[in-house]
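Participant: Predicted structure and sequence below. I'll ask about it afterward.
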Amino acid sequence: MHLRNDGRNYDEIRSLMITRNYLRAAEGSVLIEEGNNRIVCSATIEDKVPLFLRGSNQGWITAEYAMIPRATSTRNVRESIKGRVGGRTHEIQRLIGRALRSVMNMDLIGERTILIDCDVIQADGGTRTLAINGSFIALVDALWNYVDRGLLQSGNLLKDYLAAVSVGVVNGKDLLDLNFEEDSMAQVDMNVVMTGKGQFVEIQGTAEGDPFSQETLNRLLALAQKGIKDIIAIQKKVLLERGLP
């Protein structure tokens, strides 16, 4: 008997589809779809770096994240209209940048900045983790684009694969890859980012009521590790023809 409202088992990720080269003009881009989530991720390479990196021969990765107004059940006001980026958006943008920088050899791309854009066109929980998964593929394709044009040398530009997933406790049950309904009811909510070698990049965990135990933390991290292995297996299949640059 299935446990969850969408028919999945407790340790099952949502169906994941990745469409590469989704935007014609971008160096790298994907449409990534997971359950009812839809996100367009693109990677742009510019031959300049922030002021604090000038003269260092080091590159940089930064990210922007946004939801279109009707990505959710009620219309969101564009942050460009508000005149400022909200706290949640700022947090997610920094998370995406940190995650990608953790697997990038910055000294091999010279003084270049890779700008990641993530636009959520439909949201159903877990968009920040899905944005990381899509951005990683867009980054890989952008780097191969520069290698093919003779602007970068391939070989160890990326140190490892990277993926992220949410886990949580809902009605006393440990669940992998929470959708919106599950996330809104969670007693514990956690986002985990890991490399292909199983190393942690980021753990964001919150109790939404009573505190949780070390035992619960360990169970959720093990569940996240299982989900990330499943996601990276899909990434490797998508990139099978060339792998990492």
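Facilitator: Perfect, thanks for sending it.

Participant: only C-alpha atoms for contact and neighbour calcs from this point on.
Facilitator: Fine.

Participant: From start to finish, how long is stretch 5-19 in a straight line?
Facilitator: 27 Å (CA to CA, to the nearest Å).

Participant: List the buried residues in that stretch.
Facilitator: Residues of stretch 5-19 classed as buried: 8, 10, 12-14, 17-18 (neighbour count, 16 or more other CA atoms under 10 Å).

Participant: Report the contact partners of Ile228.
Facilitator: 163-165, 194 (CA atoms under 8 Å, 6 or more residues apart in numbering).

Participant: just checking, which of those belong to strands?
Facilitator: The strands, defined by DSSP state E, take in 163-165, 194 from the contacts of Ile228.

Participant: so which pair among these is furthest apart in space?
Facilitator: Val165 and Met194 (8.9 Å; CA to CA).

Participant: which ones are touching Asp124?
Facilitator: 35-37, 72, 179-180.

Participant: Tell me where this structure has strands.
Facilitator: 16-20, 28-34, 37-46, 60-67, 113-122, 162-170, 173-176, 188-195, 200-207.

Participant: Show me how far the fifth one is from its chain's centre.
Facilitator: In terms of CA atoms, centre = their mean, to the nearest Å, the gap separating the centre of strand 113-122 from the centre of its chain is 10 Å.

Participant: returning to that earlier point: closest one to Glu91 among the strands of the chain?
Facilitator: Across the strands of the chain, closest to Glu91 is strand 60-67 (CA to CA), at 9.7 Å.

Participant: And the lowest mean pLDDT element among the helices and strands of this structure?
Facilitator: Least confident helix or strand of the chain, by mean pLDDT, DSSP states H and E, is helix 79-82 with a mean of 68.

Participant: returning to that earlier point: buried by neighbour count, from the contacts of Ile228: which ones?
Facilitator: Applying 16+ other CA under 10 Å to those flags 163-165, 194 as buried.

Participant: for this protein, which helix is longest?
Facilitator: Criterion DSSP state H: the longest helix present in the chain is helix 214-238.

Participant: Can you give me the buried ones in that helix?
Facilitator: Buried-residue list, helix 214-238, by 16+ other CA under 10 Å: 220-221, 223-229, 231-232, 235, 238.

Participant: From Thr44, how far off is Leu220?
Facilitator: 35 Å.

Participant: so which of the strands of the chain is the most packed in?
Facilitator: Of the strands of the chain, the one with the most neighbours on average (mean count of other CA atoms under 10 Å) is strand 162-170, at a mean of 28.

Participant: centroid residue for this protein?
Facilitator: In the chain, the centroid-proximal residue (CA atoms, centre = their mean) is Ile132; its distance is 1.1 Å.

Participant: For that residue, give me its contacts.
Facilitator: Contact analysis of Ile132 by CA under 8 Å, 6+ apart lists 96, 99-100, 163-164.

Participant: try 10 Å
Facilitator: Taking CA atoms under 10 Å, 6 or more residues apart in numbering, we find Ile132 in contact with 41, 92-93, 95-97, 99-100, 116, 118, 138, 162-165, 193.

Participant: Looking at those residues, which two lie furthest apart in space?
Facilitator: Ile116 and Val165 (18.9 Å).

Participant: Dump the ones in strands among the contacts of Ile228 to a markdown table, plus pLDDT.
Facilitator: Converted to a markdown table, the ones in strands among the contacts of Ile228 look like this (pLDDT from 0 to 100):
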| residue | pLDDT |
| --- | --- |
| Ala163 | 98 |
| Ala164 | 98 |
| Val165 | 98 |
| Met194 | 98 |
